[in-house]
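1. next input, structure requested:
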Amino acid sequence: MKDHRFQSFTIRVGIQGFGVFALKNFKKGKILFRMRGKTYRTPTRTSVQVDKKRHMEDVIAGHLNHNCHPNAKVYRGLRSFVALRDIHAGEEITFDYNKNEDRLSEPFVCACCQRNILGKKNQRLARLQGKIRTPKVKAEVVE
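-> Here you go, the predicted structure:
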């Protein structure tokens, strides 16, 4: 069965390996596509979290790259990606992994801002551990 979503998108080399690019213009607030595929209890490298305990493997969503200033957002209840702003034909579709995913199976350092991309829960844990492990100590100059 042919996936008609590919009338609006193509997958090609993007900002981080392969990415998803719009083949037409989309207005802010428009549903870009609905995800479909198998769901899993744990995240994979290409899955997208669709509720508190499930992650979906979708052929298009699995190729969406992270961006700290994304043009799309996941609406978990609808299992859809929605445009955060107007998107023009030829533009790469991106979303912020740290805002949607609780945990990533393969955390990484963002190419644009050098932040750790870990997922929401891991991000909070890392901050907490950083505060516990690195107490503020006043440095003294020794001559």
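2. center of the protein, which residue is that?
-> The C-alpha lying nearest the average C-alpha coordinate of the chain belongs to Y97 (C-alpha atoms, centre = their mean; 2.9 Å).
3. so what's the residue count around the spatially closest residue to it that is not a sequence neighbour?
-> Nearest non-adjacent residue to Y97, counting by C-beta to C-beta, 6 or more residues apart in numbering: H66, 4.4 Å away. All C-beta atoms are positioned from the backbone trio N, CA, C, and that covers glycine. In terms of burial, H66 registers 22 neighbours under the definition other C-beta atoms under 10 Å.
4. heads up, I number from 12, so please use that
-> Taking 12 as the first residue, the last one we looked at is H77.
5. pretty sure H77 is touching D107, no?
-> Yes. Using C-beta atoms under 8 Å, H77 is in contact with D107, at 6.6 Å.
6. any buried residues in whichever strand or helix holds N109, and which?
-> For N109, the element it lies in under DSSP states H and E is helix 108-111. Residues of helix 108-111 classed as buried: Y108, N109, N111 (neighbour count, 16 or more other C-beta atoms under 10 Å).
7. contacts for it, please.
-> If you take C-beta atoms under 8 Å, 6 or more residues apart in numbering as the criterion, helix 108-111 is touched by 59-60, 77, 84-85, 87, 115, 126, 128-131, 134.
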